[in-house]
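Q: how would this look folded up:
(one chain, ligands or ions: 1)
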Amino acid sequence: MKYDKITPETLTLVTSIVGKENVLTETELLQPYSHDEVTDPAYHHLPEVVVFPESTEQVAKLVKLANEKHFPIVPRGAGTGLACGAVPIYGGMVLSLEKMDKIIEINADSMYAIVEPGLRTDELQKAVTSYDLFYAGDPCSGDSCFIGGNIATNAGGNKAVKYGTTRHQVYEIEVVSPLGEILHLGARLNKMTTGYCLDQLVMGSEGTLGIITRATVKLLPKPKHLVDLLAVFPDIESAIGIVNKVIKAGITPTCVEFMDNITIKSVERYLHETLPDSENGNYVIIQVEGTNEDDLDEKMVTLDELCTENGASSVLVADSAKIWQARKAFAEAVRAESLIVCKEDIVVPVDREPVIIDNILVLAQKYDLITRIASHAGDGNIHLNILKNEALSHDQWEEKIAAFQRELYTEVYKLGGKLSGEHGIGYKRKALMAEFTDKAELEVMRAIKKAMDPNLILNPGKIIDVLE
Ligand SMILES: Cc1cc2nc3c(=O)[nH]c(=O)nc-3n(C[C@H](O)[C@H](O)[C@H](O)COP(=O)(O)OP(=O)(O)OC[C@H]3O[C@@H](n4cnc5c(N)ncnc54)[C@H](O)[C@@H]3O)c2cc1C
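A: Model prediction:
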């Protein structure tokens, strides 16, 4: 794709829309906006300008200007993404939503909140607890990512087993279309068959079909009785195998998370802490809610029995703060070990998870890979991190990973799985997306992109290449 450069004249127009205090052009200030959480510099790219609009109207004017002057716009939340979705690969403008960060309304009676996209996810979670409510979106990056970014990526996280992913938490979104029109998509309704479901199309589209400028999200009554159990399994297969058994037993857990032993050790080193029973194997963290104390006790007994039957060496009531701190430190702990990490976000049907785990272990041995595995096991979503072996050159590493990915995703797709459960395709997985997606399906995606964004100005080069 060829775009026009942002000229001094265009910059003057940009400044007239957002004010000069909301425009960055100095290289060292642009630097943090050249990447997301993907640390490999091969994926970094500087924008020409970063802007911080403060209203939907300003966003709409900027998008109209981009169409007129033909420069690309890349929407950006907190930049915690793991797919290079917010990286401006063609330069142009990064449009940061960080100044649109307000909670506009919390309606405790009707259980919803209206928020701006730059609101940090945990700010919303904290704000609603005083109303005895909770927001069910809960990515591990909740203390840094934004609601807008969560909606744009359809973030998953820890509570998706019971409550679904971010798209299930949203009633309505206000969106600036790629042509600069302000749209209100979805509604605060429990049912709706009123034309195409455009809100759901924009959610998860990684900033390629619209810029989310406001959202009405669902709130739920805060559970009064819940517990985190930690089951420790000597081998990975039996740990992963427990997931389907728990679900089949009729218990709907809130979370089922997995960490393999080598990852637990990595987190211990990173946190300078010893974690419970960490000598004895692999962790499965199961959070479960009860309608009352008795119901919760009954579920705990059943879970204890199921885990023990499946080979767990111990089942403990976990220190919730400590165990979740450990689970959420996974990404940082891996980063402390290596800056060059290939992060896979495999998702398979839950009942196929033991099969794909076996495949991963066999392939890891075949390719002699240094792996760390944590997973949202209750969703069949496996975060396989592969650390670059320092002895390999950049080219050798790339070659090895490409061959490994081809074998891995061939198996994943045979099992009915997909490339990404929650991190998205962005720029990083685009080649795999082209390789593993049905050609007719890719054509439909291209047609949608072209129809909504005829000038291809909104986050171009992400998910799919429109022009081949
Ligand atoms: C330590 C760590 C833990 C993580 N844990 C999880 C997890 O448990 N579950 C999970 O799903 N992800 C997880 N992630 C990935 C990441 O946090 C999520 O993808 C998150 O939703 C990104 O939000 P963000 O605000 O940082 O968006 P960004 O990284 O800024 O952007 C992500 C994508 O969304 C687009 N975008 C951002 N804001 C908007 C907007 N307002 N309108 C339109 N498009 C927009 C961008 O263009 C980009 O394509 C984790 C990341 C880290 C570093």
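
Q: isn't A318 right next to L230, touching?
A: Yes - with contacts counted by Cβ atoms under 8 Å, A318 reaches L230, the gap being 4.0 Å. In this view, the C-beta of every residue, glycine as well, is placed from N, C-alpha and C.

Q: what's the longest helix in the chain?
A: helix 394-414 (DSSP state H).

Q: Up against the ligand, what does the protein have?
A: By Cβ under 6 Å from any ligand atom, the residues of the chain that approach the ligand are 36-37, 74-82, 85-86, 97, 117, 139-141, 145-146, 148-150, 152-153, 155-157, 206-207, 211-212, 331, 422-423, 426, 459.

Q: List only buried entries from those residues.
A: 36-37, 74-82, 85-86, 97, 117, 139-141, 145-146, 148-150, 152-153, 155-157, 206-207, 211-212, 331, 422-423, 426, 459 (16 or more other Cβ atoms under 10 Å).

Q: Listing request: residues of this protein with sub-threshold pLDDT.
A: 468 (pLDDT under 70).

Q: Which segments of it make up each domain?
A: 8-99, 103-221, 225-331, 338-429 (automatic domain parsing).

Q: Next, count neighbours for H45.
A: 16 (other Cβ atoms under 10 Å).

Q: wait, isn't it in contact with G91?
A: Yes - in this structure, H45 is within contact of G91 by Cβ under 8 Å, at 7.2 Å.

Q: Work out the gap between the host helix or strand of Y171 and the centre of the chain.
A: According to DSSP states H and E, Y171 maps onto strand 170-176. Its chain's C-alpha centre lies 18 Å from the corresponding centre of strand 170-176 when counted by Cα atoms, centre = their mean, to the nearest Å.

Q: Check stretch 218-229 too.
A: 22 Å.

Q: neighbouring contacts of that stretch?
A: Residues outside stretch 218-229 that contact it (Cβ atoms under 8 Å, 6 or more residues apart in numbering): 106, 108, 111-113, 128-129, 131-136, 163, 169-171, 254, 285-293, 295-296, 300, 303-304, 307, 315-318, 320, 323-324.

Q: Are any of the residues you listed buried, and if so which?
A: 106, 112-113, 128, 131, 133-136, 163, 169-171, 254, 285-290, 296, 300, 303-304, 307, 315, 318, 323-324.

Q: Now, the residues of the chain next to the ligand that are in helices?
A: Those of these lying in helices (DSSP H): G148, G149, N150, A152, T153, A331.

Q: got the contact list for the fourth one?
A: Under the criterion of Cβ under 8 Å, 6+ apart, the contact list for A152 reads P75, G77, G85, M203, G204, S205, E206, G207, I212.

Q: And those residues, which is closest to Q405?
A: G85 (18.8 Å; Cβ to Cβ).

Q: That closest one contacts N459, doesn't it?
A: Yes - between G85 and N459 there is a contact at 7.3 Å, judged by Cβ under 8 Å.

Q: any shared contact partners between those two?
A: Shared contacts of G85 and N459, counting by Cβ under 8 Å, 6+ apart, come down to E206, G207.

Q: which residues touch the residue of the stretch 101-250 of the chain found nearest the ligand?
A: Nearest residue of the stretch 101-250 of the chain to the ligand, counting by Cβ to the nearest ligand atom: G149, 2.1 Å away. Counting by Cβ under 8 Å, 6+ apart, G149 makes contact with R76, G77, A78, T80, G81, A86, P117, A155.

Q: From D36, how far out is the fourth one?
A: By that I understand T80. 7 Å (Cβ to Cβ, to the nearest Å).

Q: what does the last one give?
A: A155 sits 13 Å away from D36, going by Cβ to Cβ.

Q: Check the fifth one too.
A: When Cβ to Cβ is the yardstick, G81 and D36 sit 4 Å from each other.
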